[in-house]
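1. Take a look and give me a structure for this.
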Amino acid sequence: MDTLLCSDSHWLVGTWIEAAKALGTNDAEKKLLEFNARNQLTLWGPKGEHLDYANKQWCGLVKDYYFKRWELFVNSVVDALKSGTKFDQDDFNQKCFSTVEQPWTMQQNLYPTTPTGDTLKISQDLYNKYKGDIQASAKASIGNPVWKKAYTYKDIPVYPSHLIVHH
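-> Model (predicted):
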């Protein structure tokens, strides 16, 4: 997904971050403006007061932020299943905040500001790679809508509750 997003100028987190930094008149201002730009997209406050309020699916953000959160969540759920213990949502929330969310807002790594790759070719490659799965899923769901299937385990959320935005 990140490769596809990086192929179009409209989906580059680097453009957002660099535009914010460009408003600074010295290094300290640029650093603060970068932090604010990153924080607005993710935590929206020092402790995630409005987590994902300005969520974007942008190149760099998907790979370095959202993917790492999902990876941590899946690993936490698998660990709970393997150990026969209840998934600890509070522990996950804290680990996610301290190892993924807050650190990303503090980073100063660079992201692309110009697209790379051919969007159409990348899309075709992704379709070719997954078309068998897509077709099988579509065939299996005929007369049996996906929304009717049960995807939850007892006491284990399908999606981390702290990532759900309520408006």
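2. which stretches of the protein have low pLDDT?
-> Applying pLDDT under 70 to the chain flags residues 141-167.
3. Repeat the analysis, applying 80 as the threshold.
-> Along the chain, segments meeting pLDDT under 80 span 137-167.
4. That one: helices as residue ranges?
-> With DSSP state H as the criterion, the chain has helices at 2-5, 13-21, 27-41, 61, 67-83, 89-96, 102-106, 119-141.
5. Could you dump those helices into JSON lines with mean neighbour count added?
-> C-beta: built from backbone N, CA, C; applies to glycine. Shown next, in JSON lines, are the helices of the chain (neighbours: other Cβ atoms under 10 Å):
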{"stretch": "helix 2-5", "mean neighbour count": "18"}
{"stretch": "helix 13-21", "mean neighbour count": "19"}
{"stretch": "helix 27-41", "mean neighbour count": "16"}
{"stretch": "helix 61", "mean neighbour count": "25"}
{"stretch": "helix 67-83", "mean neighbour count": "14"}
{"stretch": "helix 89-96", "mean neighbour count": "15"}
{"stretch": "helix 102-106", "mean neighbour count": "16"}
{"stretch": "helix 119-141", "mean neighbour count": "11"}
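6. would TSV of those helices with distance to Y53 be doable?
-> Shown next, in TSV, are the helices of the chain (distance: least, Cβ to Cβ, whole Å):
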stretch	distance to Y53
helix 2-5	20
helix 13-21	15
helix 27-41	8
helix 61	14
helix 67-83	15
helix 89-96	16
helix 102-106	14
helix 119-141	28
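7. so which of those comes closest to N55?
-> Of all the helices of the chain, helix 27-41 sits nearest to N55, with 7.2 Å by Cβ to Cβ.
8. Report the angle between that closest one and helix 13-21.
-> Angle, helix 27-41 to helix 13-21, by axes from the mean of the first three to the mean of the last three Cα atoms, to 10 degrees: 130 degrees.
9. Return the list of helices and strands in contact with helix 27-41.
-> helix 13-21, helix 102-106 (3 or more Cβ pairs under 8 Å, 6 or more residues apart in numbering; DSSP states H and E).
10. Quick check: which of those helices is nearest to Y130?
-> Once the helices and strands packed on helix 27-41 are compared by Cβ to Cβ, helix 13-21 is nearest, at 24.6 Å.
11. Quick one: residues in contact with that closest one.
-> 9, 30, 33-34, 36-38, 41, 56, 58-61, 110-113 (Cβ atoms under 8 Å, 6 or more residues apart in numbering).
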